[in-house]
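*Asks:* coordinates for the following, if possible.
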Amino acid sequence: MQIETEFFPGAIGAIAKFHGEYYAEHWNFSTTFEAKVALGLASFALRKSDQDLVLLAVDEEGLAASLTLDLGDPESGDRGAHLRWFFAEDRCRGTGLGRQLMSQAMDHTDQHSGGKVWLTTFAGLKPARALYDAYGFALAEEFDGATWGIGVQGQEFRRTAAQA
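*Replies:* Here you go, the predicted structure:
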């Protein structure tokens, strides 16, 4: 497994494709969600700075996992870095890859945003929730998650400071 720290040709499309297919199959999300992922990724890629972090795990089958820290997200305000587009293909689940990416990302937030980081997700993603809890995230807000193209219980998690 190789970890790339820059987008490569096809990576942005692969991330959007994964989100579109996975969440349609497992959660009945519509193409609205995939379009929002693609739009957000494109916007981020065009304004990405050296402070931001892109982690792309690649194996012989292609893109296996992704995690992005957006330190310049105009929606972040004082919440710190925005953790976005975090996923692992089924073939990587249970291998520790997600924990490896999260650990690297939290080290980055400790150095560049005082450990402050936030993310949005929705209720029901138990393995992801366990990982967020392990890295010091706390549920900050719950809301109607219809913005993903289907009604779910949206959640915002925050990590407010570097972990000792």
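*Asks:* which residues of this structure fall in strands?
*Replies:* For the chain, the strands defined by DSSP state E occupy 2-4, 53-59, 62-70, 81-88, 117-122, 138-144, 153-159.
*Asks:* got JSON lines for those, with mean neighbour count too?
*Replies:* Backbone N, C-alpha and C define where each C-beta goes, glycine included. Converted to JSON lines, the strands of the chain look like this (neighbours: other Cβ atoms under 10 Å):
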{"stretch": "strand 2-4", "mean neighbour count": "13"}
{"stretch": "strand 53-59", "mean neighbour count": "20"}
{"stretch": "strand 62-70", "mean neighbour count": "22"}
{"stretch": "strand 81-88", "mean neighbour count": "22"}
{"stretch": "strand 117-122", "mean neighbour count": "22"}
{"stretch": "strand 138-144", "mean neighbour count": "12"}
{"stretch": "strand 153-159", "mean neighbour count": "18"}
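*Asks:* could those go into TSV alongside distance to Glu21 and mean pLDDT?
*Replies:* Formatted as TSV, those follow (distance: least, Cβ to Cβ, whole Å; pLDDT from 0 to 100):
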stretch	distance to Glu21	mean pLDDT
strand 2-4	21	96
strand 53-59	17	97
strand 62-70	13	95
strand 81-88	11	93
strand 117-122	17	88
strand 138-144	24	85
strand 153-159	21	87
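*Asks:* show me the one of these that comes nearest Arg47.
*Replies:* strand 62-70 (9.0 Å; Cβ to Cβ).
*Asks:* which residues touch that closest one?
*Replies:* For strand 62-70, the external contacting residues (Cβ atoms under 8 Å, 6 or more residues apart in numbering) are 1, 10-11, 14-15, 18, 44, 52-58, 76, 81-89, 91-92, 97-98, 101-102, 105, 108-109, 117.
*Asks:* which residues touch Glu75?
*Replies:* So Glu75 contacts His82 (Cβ under 8 Å, 6+ apart).
*Asks:* show the backbone phi and psi for it.
*Replies:* phi -90, psi -10 (degrees, to the nearest 10).
*Asks:* next one: Gly136
*Replies:* According to degrees, to the nearest 10, Gly136 has phi 90, psi 10.
*Asks:* surely it meets Arg159?
*Replies:* Yes - the criterion here is Cβ atoms under 8 Å, and Gly136 meets it with Arg159 at 4.8 Å.
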